[in-house]
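Q: What shape does this take:
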Amino acid sequence: MRAIVRRGPALLLADVPEAVPGPGQVVAKTLACGICGSDLHAVHHLEHGVEMGLRSGAADTIDASSDLVLGHEFCAEILDHGPGTAKNLKAGTRVVSTPFAFSELGPELIGFSTRYRGAFAERLVLTEALLLPVPNGLKSEAAALTEPLSVGTHAVAAANPGPRSVALVVGCGPIGLAVIVALKRRGIGPIIAADFSPARRARAERLGADIVVDPAATSPHASWSSLDVPATLAEFGLAQLSGRTLRDAVIFECVGVPGMLQNLIENAPPTAHVVVVGACQEDDRILPVIAINKQLRFTFVFAYTPAEFAETLQALGEGEIDADTFLTGEVALADTPAVFTRLETPGDDVKIVVQPWR
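A: Below you'll find the model as predicted:
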């Protein structure tokens with residue numbers, strides 16, 4: 001069958017062995033698979049990603065010298081069942097799944113495993129117990145958004161904002177927009193969204209951001225005082241002495257580049273909760289004493305829970321999320337390497353979906 005293979009620091013269209021389900025697994029036809037920033041990073045920096053995983057305590061599931069089929073944001077159609085399956089979902093059912101398979105090493109991430117190929121392929125093997133049927137006729141490209149949107153669901157759950165929280169989302173790529181959606185679904189506002197791209201700012205506004213900022217022209221932190229959030233230690237002290245009722249700031253860092261944490265430490269209002277969603281994979285430096293003086297709180301988040309994944313799928317299926325705002329392109333398998341090359345230069349795209357059946 002055909003697949004997009006990462007071979008060395010390059011992607012190519014190649015024939016790979018057929019997907020064969022083992023016990024408790026199904027084989028499925030890939031209908032749609034989104035391109036993630038982690039996929040882009042893996043093409044040229046897989047070895048570094050493997051090192052970061054091992055240093056984090058993850059299992060050694062990737063042989064960087066072997067061919068790798070990426071793709072973990074997928075919607076697929078069940079073709080057949082392996083031995084020992086319950087067959088609760090019949091062949092022909094469209095499904096999504098948290099992108100995990102299980103081996104003697106424990107859970108392995110589909111698309112970032114040498115043993116379990118990802119969804120940039122015509123067919124893939126999935127774990128039956130993790131499958132969720134696509135609800136309410138939701139189109140496959142929108143269903144494939146379940147995985148990245150669940151990251152936003154999890155980030156907001158970890159932030160646990162209250163009814164008087166004011167949110168700032170820094171970076172309006174796929175994850176930043178997913179955070180905005182999750183905040184709106186919880187009724188949190190106002191929401192400030194900051195991005196250099198006019199197209200992404202427009203999408204943030206369409207999804208419910210109340211204040212949209214171009215950081216090249218205006219500081220994302222310019223509105224705190226007007227929203228009853230003391231912007232400085234001096235303002236915070238006066239507000240406490242006067243007994244004013246204050247609002248709290250929750251900031252979502254969705255960029256993931258060196259310097260962002262220190263920038264937020266210097267500009268965030270006192271007592272702010274900073275939720276780090278952007279995955280910076282380079283060494284960085286911060287000056288902790290400023291964060292200490294401001295009593296800032298940092299939470300680093302990763303992925304989502306199965307319940308958050310199911311909740312996000314349900315929200316998509318019930319029309320609570322405008323999926324079309326995220327979808328900016330669809331490509332055939334053969335065109336995928338060229339699209340990866342184009343996406344290496346930041347632009348206005350949010351989520352491009354690969355359709356391996358084309």
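Q: those helices in the protein, which residues are they?
A: 37-56, 140-143, 146-159, 174-185, 198-206, 233-242, 260-267, 288-294, 306-317, 336-343 (DSSP state H).
Q: Nearest to Leu327 among these would be which one?
A: For the helices of the chain, proximity to Leu327 was assessed by C-beta to C-beta; helix 140-143 is nearest, at 5.7 Å. No exception for glycine: its C-beta is placed from N, CA and C like everyone else's.
Q: I'd like the average pLDDT over that closest one.
A: Per-residue pLDDT over helix 140-143 has a mean of 98.
Q: Distance of Pro230 relative to Val275?
A: 20 Å (C-beta to C-beta, to the nearest Å).
Q: Comparing the two, which residue is more hemmed in?
A: Using other C-beta atoms under 10 Å, the more surrounded residue of Pro230 and Val275 is Val275, with 24 against 21.
Q: Correct me if wrong: the more buried one contacts Ala249.
A: No. Counting by C-beta atoms under 8 Å, Val275 does not reach Ala249; the two are 11.1 Å apart.
Q: Closest to the mean position in the protein, which residue would that be?
A: Ranked by distance to the mean C-alpha position of the chain (C-alpha atoms, centre = their mean), the top residue is Pro148 at 3.7 Å.
Q: So for that one, what's the pLDDT?
A: 98.
Q: returning to that earlier point: need the helices of the chain in JSON lines with distance to Ser226, can you?
A: Output for the helices of the chain, formatted as JSON lines (distance: least, C-beta to C-beta, whole Å):
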{"stretch": "helix 37-56", "distance to Ser226": "33"}
{"stretch": "helix 140-143", "distance to Ser226": "37"}
{"stretch": "helix 146-159", "distance to Ser226": "22"}
{"stretch": "helix 174-185", "distance to Ser226": "19"}
{"stretch": "helix 198-206", "distance to Ser226": "19"}
{"stretch": "helix 233-242", "distance to Ser226": "12"}
{"stretch": "helix 260-267", "distance to Ser226": "16"}
{"stretch": "helix 288-294", "distance to Ser226": "19"}
{"stretch": "helix 306-317", "distance to Ser226": "31"}
{"stretch": "helix 336-343", "distance to Ser226": "37"}
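Q: can you tell which of the ones you listed is closest to Ile110?
A: So among those, helix 146-159 is nearest, using C-beta to C-beta, at 10.3 Å.
Q: Distance-wise, check Val69 relative to Asp60.
A: 18 Å.
Q: These two: which is more packed in?
A: It is Val69, of Val69 and Asp60, that has more neighbours when counted by other C-beta under 10 Å, with 22 against 10.
Q: neighbours around the nearest residue in space to that one that is not next to it in sequence, how many?
A: Nearest residue to Val69, sequence neighbours excluded (C-beta to C-beta, 6 or more residues apart in numbering): Arg117, at 3.9 Å. Arg117 is flanked by 25 other residues according to other C-beta under 10 Å.
Q: ok, now which ones touch Arg117?
A: Ala3, Val16, Ala19, Val69, Ile110, Gly111, Leu124, Val125 (C-beta atoms under 8 Å, 6 or more residues apart in numbering).
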